[in-house]
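*Asks:* here's my sequence, what's the structure:
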Amino acid sequence: MEDVIFASDVNAGDVVVLPGASAEVLVKQVRLGQGGFIFTVAPVGDDRPQAEQLVTLTAAARLHKGGHDLTR
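*Replies:* As a prediction, the model looks like this:
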């Protein structure tokens, strides 16, 4: 079951679905930037540095939290 959460509740290691997307991504880093939170994300299971992308979201942006357990 997916939960809807706010961008301000996301941490590195979370699996989320970004607004306007259907595929889940792994959040690798979260930092505060001008205009909102800057997430470094990559497709789940893709550890290549070139697969990473930066996404800026406001604190009010709503995300779907995926159901993956990535603890090792």
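*Asks:* drop to CA atoms for contacts and neighbour counts, all remaining ones
*Replies:* Fine.
*Asks:* give me the below-cutoff pLDDT ranges for this protein.
*Replies:* 1-2, 67-72 (pLDDT under 70).
*Asks:* what comes up buried for the lengthiest strand in the chain?
*Replies:* Longest strand in the chain, counting residues (DSSP state E): strand 24-33. Of all the residues in strand 24-33, those buried under the rule 16 or more other CA atoms under 10 Å are 24-28, 30.
*Asks:* distance from stretch 12-32 to the middle of the chain?
*Replies:* On the basis of CA atoms, centre = their mean, to the nearest Å, stretch 12-32 sits 1 Å off its chain's mean C-alpha point.
*Asks:* neighbouring contacts of that stretch?
*Replies:* Outside stretch 12-32, the residues within contact range by CA atoms under 8 Å, 6 or more residues apart in numbering are 10-11, 37-44, 61-68, 70.
*Asks:* what subset of those residues is buried?
*Replies:* Buried among these by 16+ other CA under 10 Å: 10, 37-43, 62-66.
*Asks:* reformat those as TSV; add distance to V4 and secondary structure.
*Replies:* Shown next, in TSV, are the buried ones among the contacts of stretch 12-32 (distance: CA to CA, whole Å; DSSP: H, G, I helix; E, B strand; the rest coil):
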residue	distance to V4	secondary structure
V10	11	coil
F37	17	strand
I38	19	strand
F39	17	strand
T40	20	strand
V41	18	strand
A42	20	strand
P43	19	strand
R62	6	strand
L63	6	strand
H64	5	strand
K65	6	strand
G66	9	coil
